[in-house]
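**Q** quick one, what's the 3D model for this:
(one chain, ligands or ions: 2)
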Amino acid sequence: MNNYPKIGIRPIIDGRLGGIRESLEETTMNMAQDVAALFQSELRYPDGSPVQCVIADTCIGGVREAADCAQKFEAENVGVSLSVTPCWCYGSETMDMNPLLPKAIWGFNGTERPGAVYLAATLAAHNQKGLPAFGIYGEDVQDMGDRFIPDDVKEKLLSFARAGLAVAIMRGKSYLAIGSVSMGIVGSIVDADFFQNYLGMRNEYVDSSEVLRRIQLNLFDQDEYERALAWTKKYCKEGEDFNQSHKVKSRAEKDNDWEFVVKMTLIIRDLMIGNKKLKDMGYAEEAHGHHALVSGFQGQRQWTDFLPNGDFSEALLNSSFDWNGKRAPFIVATENDSLNGVSMLFNYLLTNKAQIFADVRTFWSPDAVERVSGWRPTGVAQHGFIHLINSGAATLDGTGKQKYEGEPVMKPHWEISDEEVEACLAATTWHPANLDYFRGGGYSSKFLTEGGMPVTMCRLNLVKGVGPVLQLAEGWTVELPENVNRLLDERTDRTWPTTWFVPKTTGEGAFRDVYSVMAAWGSNHGAISHGHIGADLLTLASMLRIPVCMHNVESPRIFRPSAWNAFGMDHEGADYRACASYGPLYK
Ligand SMILES: C[C@H](O)[C@@H](O)[C@@H](O)C(=O)CO
Ligand SMILES: [Mn+2]
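**A** Numbering: from 1, shown residues only. Ligands and ions are numbered 1, 2, ... in the order given. Modelled structure (predicted):
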């Protein structure tokens, strides 16, 4: 059982005994219990278990009870703090002062008592003390004692909780780099200060030779390996070998590659999270693993120049299933691109869904498509589209074979059916790796993402003088006529997974048109999640004090700490000024 951080709920009350406090005790505690019920019913941890809440033992009417609550929260691994109140209370005496906990206050909009006034007063206290907090206040007045949580309040409570839990779950975990810098990709020059100061994470580094050592010593669970290999042979169908005939590996060599990449997969997972079985085998130290929430495998080029590549391992570990059945994905970045790994992690922790890692490879204008194929894009793709493709770490959930009301989606692992698992696997072909690129061989996953799926692509970049910045684009996957797809796809790397992506454009700036999105993308990679999760990413980024340099989230959906309003009326400039003023969460 994972020891996930809990959400702490603080019922705040007017401390005046002799009438006022007594009249409010039940209503105030009911608010806390109702929010706890909402979180426990609507939110899940990455392992699929319901999110847990801790409510203060008493309503908080003054500093003593605030301190008692803080002590309880610390003892019970609370990682997110929400204060709720229907009435006036004493801001600086009751506010949550823990600088590390993402915090919000819900002021009930019931005018019998001044709950909204407390909200504003205490947000002012938070702003004055440099402890930014989110303000939640329903648009419509409710009657005192009304226990219904309106949709606008519910939406903000859940968005705050999802982002707050992401912050809390990351704290103290590791990014595990297996190998080092891949082909000069600066995302694989792992910046430990960023992980430490902004995410509260630590960095673990393992040379790729450790994977080879464990393969040579059979340092993995032999029984699981046999099951894994049998499962792989049954469900991972080998595709055509497109290599030049003089380079093609023999059948025996190809079979060895299958065995090798299955072992790699077990070993990379064990390196990330450990495996008690290794202790039984006499490897107690290796059994610990590296406490990694996310990892990166360098692969290219020192490993792949003579050993089978990491594509099979990366693709399968990032998927929501394997020989052990459905399970939470392991976030693994190919090319050890730690910044794309973090981008995938942000998306994952906000959705509990597996992620696509891709190169942002090509913008196809309508004219170019027509020139090479004779077909002019229509519909969502009429103004062009972007080719997302990278060998390796694209989850097989990205095939779009999981359905909701007939539409392609990606689901949390606990919602995926066995039939959908098999459909994702059936839609994937494992081609012998391109030996020009991957001299050591291996297998690359090939699939085409179904069109019509709402997706969000994001990317974290490090910019000297600014620090980390996040960019994101909500949009949709699109499907092309089969012949057009083949023409365009085969101009690239036919053994890799393809997603055709159309960002939602606004006609302005980086979102002026599809081309501008590609031109403004800050790196070779992007992390693609199912769903339009841009608003949650903005909320998460503000908690981490990471400014967002590019997004296409409509302004009414933007939810950031109330202090951001004090940094100016232009949302984006204010975001930068606020993040610069507060600095990293764990500085
Ligand atoms: C196989 C190639 O080296 C690819 O790995 C390379 O083009 C990239 O993905 C760069 O991000
Ligand atoms: Mn790449």
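
**Q** look at the nearest residue to Tyr45 once chain neighbours are set aside and say how many residues are nearby.
**A** Of all residues not flanking Tyr45 in the chain, Tyr4 sits nearest, at 4.6 Å (Cβ to Cβ, 6 or more residues apart in numbering). All C-beta spots, glycine's among them, are computed from the backbone N, C-alpha and C. Tyr4 sits with 17 neighbouring residues when counted by other Cβ atoms under 10 Å.

**Q** assign a three-state SS to Tyr4, would you?
**A** Assigned with DSSP: H, G, I helix; E, B strand; the rest coil, Tyr4 falls in the coil class.

**Q** beta-bridge partners for Thr362, please?
**A** As for beta bridges, Thr362 partners with His387 under DSSP bridges.

**Q** from Pro377, how far out is it?
**A** 14 Å (Cβ to Cβ, to the nearest Å).

**Q** the more surrounded of those two?
**A** Pro377 (24 against 15).

**Q** pLDDT of the helix or strand harbouring Leu538, averaged?
**A** Element membership for Leu538 (DSSP states H and E) is helix 534-544. What helix 534-544 shows for mean pLDDT is 98.

**Q** and it, what does it pack against?
**A** helix 151-170, helix 338-351, strand 454-463, strand 467-478, strand 548-550, helix 571-582 (3 or more Cβ pairs under 8 Å, 6 or more residues apart in numbering; DSSP states H and E).

**Q** quick one, that helix and strand 467-478 angle?
**A** 170 degrees (axes from the mean of the first three to the mean of the last three Cα atoms, to 10 degrees).

**Q** please save the CA atoms from helix 534-544 in CSV.
**A** Presented in CSV, the C-alpha positions along helix 534-544 are these (Å, rounded to 0.1, in the frame of the first residue of the first chain):
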residue,chain,number,x,y,z
GLY,A,534,-4.4,22.8,-19.7
ALA,A,535,-6.2,24.6,-16.9
ASP,A,536,-5.0,22.0,-14.3
LEU,A,537,-1.4,22.4,-15.7
LEU,A,538,-1.6,26.2,-15.2
THR,A,539,-2.8,25.6,-11.6
LEU,A,540,0.0,23.1,-11.0
ALA,A,541,2.6,25.4,-12.5
SER,A,542,1.5,28.3,-10.3
MET,A,543,1.9,26.1,-7.2
LEU,A,544,5.4,25.2,-8.3
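
**Q** quick check: angle from it to helix 338-351?
**A** 110 degrees.

**Q** and helix 534-544, how far from the chain's centre?
**A** For helix 534-544, the separation from the chain centroid amounts to 11 Å (computed by Cα atoms, centre = their mean, to the nearest Å).

**Q** swap in stretch 280-288?
**A** For stretch 280-288, the distance to the chain centre is 30 Å (Cα atoms, centre = their mean).

**Q** circling back: out of the helices and strands packed on helix 534-544, nearest to ligand 1?
**A** Closest approach to ligand 1 among the helices and strands packed on helix 534-544 (Cβ to the nearest ligand atom): helix 338-351, 9.2 Å.

**Q** in the protein, which residue sits nearest ligand 1?
**A** For the chain, Cβ to the nearest ligand atom, closest residue to ligand 1: Tyr437, 3.9 Å.

**Q** and that residue, how many neighbours does it have?
**A** 15.

**Q** what is the neighbour count of Lys277?
**A** 16.

**Q** for Arg213, see how far away the closest residue to Leu219 other than its chain neighbours is.
**A** Closest residue to Leu219 apart from its sequence neighbours, by Cβ to Cβ, 6+ apart: Tyr283 at 5.9 Å. Note on Tyr283: its distance to Arg213, by Cβ to Cβ, is 11 Å.

**Q** can you list the residues of the stretch 101-250 of the chain near ligand 1?
**A** Counting by Cβ under 6 Å from any ligand atom, the stretch 101-250 of the chain comes close to ligand 1 at Ile185.
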